[in-house]
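K.L.:
output the structure for:
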Amino acid sequence: MCDYSLENVRSRPAKVGDKLTTRDFGTGTRGFAATENARAAVCVLPGTELAFSSAVTVTESRFVVGWKAETLGYATAIFRVVNKNEPRKHHDALEFPDGRIVLLTQLCEGQEATVLQLPAQPASAAEADAQTRIAYAG
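P.N.:
Model (predicted):
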């Protein structure tokens, strides 16, 4: 499952080598779409490694007039899940090499990324919990 606000959008799991584009799905969030089908969300597992075609650009808030974009100094990231115990908050995030974690919905639209590596299969209950997506509580 992708971020909670993408629950009603057609989706599929990410695969190694996928070419993804950040996209606004019109549901209050941004996410990844495959280049071959921009209407379907591509759901990424926590721990997935991504390489962007250029340095990532993020916004402070896309709902504020006069928002500013910031270009980070990184073109690689690891997908993470945050706010796991808060069902009505965004969960999809990226962790950059400096440790900074940014919500996926804060990425500017149209950025291209490639799935480099999926996470290893969990070897312990703690690893399995870290890869578990939050259940939708509607």
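K.L.:
help me confirm that Glu70 is found in a strand?
P.N.:
Yes: according to DSSP: H, G, I helix; E, B strand; the rest coil, Glu70 belongs to a strand.
K.L.:
touching, it and Thr57? I think so.
P.N.:
Yes: under the criterion of CB atoms under 8 Å, Glu70 makes contact with Thr57 at 6.9 Å. Where you see a C-beta, it was placed from the backbone N, CA and C, and this is true even at glycine.
K.L.:
and those two? Which one has more around it.
P.N.:
In terms of neighbours (other CB atoms under 10 Å), Thr57 is the more surrounded of Glu70 and Thr57; the figures are 17 against 13.
K.L.:
what segments of the protein are strands?
P.N.:
Shown for the chain, the strands assigned by DSSP state E span residues 11-13, 19-24, 30-34, 37-43, 49-52, 57-59, 69-71, 76-81, 92-95, 101-103, 112-117.
K.L.:
who wins for proximity to Ala125 among those strands?
P.N.:
Closest to Ala125 of these, according to CB to CB: strand 76-81, at 16.4 Å.
K.L.:
just checking: what are the partner strands of that closest one?
P.N.:
Take DSSP bridges as the rule and strand 76-81 pairs in its sheet with strand 49-52 (antiparallel), strand 92-95 (antiparallel).
K.L.:
that one to strand 30-34, inter-axis angle?
P.N.:
Angle of strand 76-81 versus strand 30-34, following axes from the mean of the first three to the mean of the last three CA atoms, to 10 degrees, is 120 degrees.
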